[in-house]
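In: mind looking at a prediction? Sequence and model below.
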Amino acid sequence: MCFKCGKKDMGMFLEEPRFEKTNCIGQHGWMTLRFKGKAKPNWEEITELLKMSYRNNAPPKLRGKV
């Protein structure tokens with residue numbers, strides 16, 4: 001799953017092996033969360049990552065809607 005965290009927060013995510021820079025657009029603050037094995041996804045974490053990504057990409061007047 002890809003999401004945009006922004007360049008300033010990338011280091012925090014890269015400390016965990018589940019996260020890596022997204023190919024081709026990682027230099028712009030995009031990260032990939034890899035799902036490995038049979039572990040169930042943490043849907044609360046995924047929800048927060050997607051909300052953060054939306055706020056980082058949405059037009060200013062829509063950012064507060066999530």
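Out: Perfect, I can see it now. Numbers count the residues shown, from 1 in each chain.

In: drop to CA atoms for contacts and neighbour counts, all remaining ones
Out: Fine.

In: which residues touch residue 41?
Out: Going by CA atoms under 8 Å, 6 or more residues apart in numbering, residue 41 touches residue 35.

In: what's the distance between it and residue 18?
Out: Going from residue 41 to residue 18 by CA to CA, to the nearest Å gives 12 Å.

In: so what sits against both of those two?
Out: Shared contacts of residue 41 and residue 18 (CA under 8 Å, 6+ apart): residue 35.

In: name the helices or strands packed onto the longest helix anywhere in the chain?
Out: Criterion DSSP state H: the longest helix present in the chain is helix 43-57. Here helix 43-57 touches strand 2-4, going by 3 or more CA pairs under 8 Å, 6 or more residues apart in numbering; DSSP states H and E.

In: give me the mean pLDDT for the strand it packs on.
Out: The pLDDT scores in strand 2-4 average 95.

In: can you check stretch 30-41 too?
Out: For stretch 30-41, mean pLDDT rounds to 89.

In: and if you look at stretch 15-26?
Out: 94.

In: buried residues in it?
Out: By neighbour count on 16 or more other CA atoms under 10 Å, the buried set for stretch 15-26 is 19-22, 26.

In: send me that stretch as CSV with only the CA atoms.
Out: Provided in CSV are the C-alpha atoms of stretch 15-26 (Å, rounded to 0.1, in the frame of the first residue of the first chain):
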residue,chain,number,x,y,z
GLU,A,15,13.2,2.8,10.9
GLU,A,16,10.7,-0.1,10.5
PRO,A,17,11.3,-2.8,8.0
ARG,A,18,7.7,-2.9,6.9
PHE,A,19,8.1,0.5,5.2
GLU,A,20,10.2,1.5,2.2
LYS,A,21,10.4,4.4,-0.2
THR,A,22,8.0,3.9,-3.1
ASN,A,23,9.7,3.3,-6.5
CYS,A,24,9.9,6.3,-8.7
ILE,A,25,8.1,8.7,-6.4
GLY,A,26,9.8,8.0,-3.1
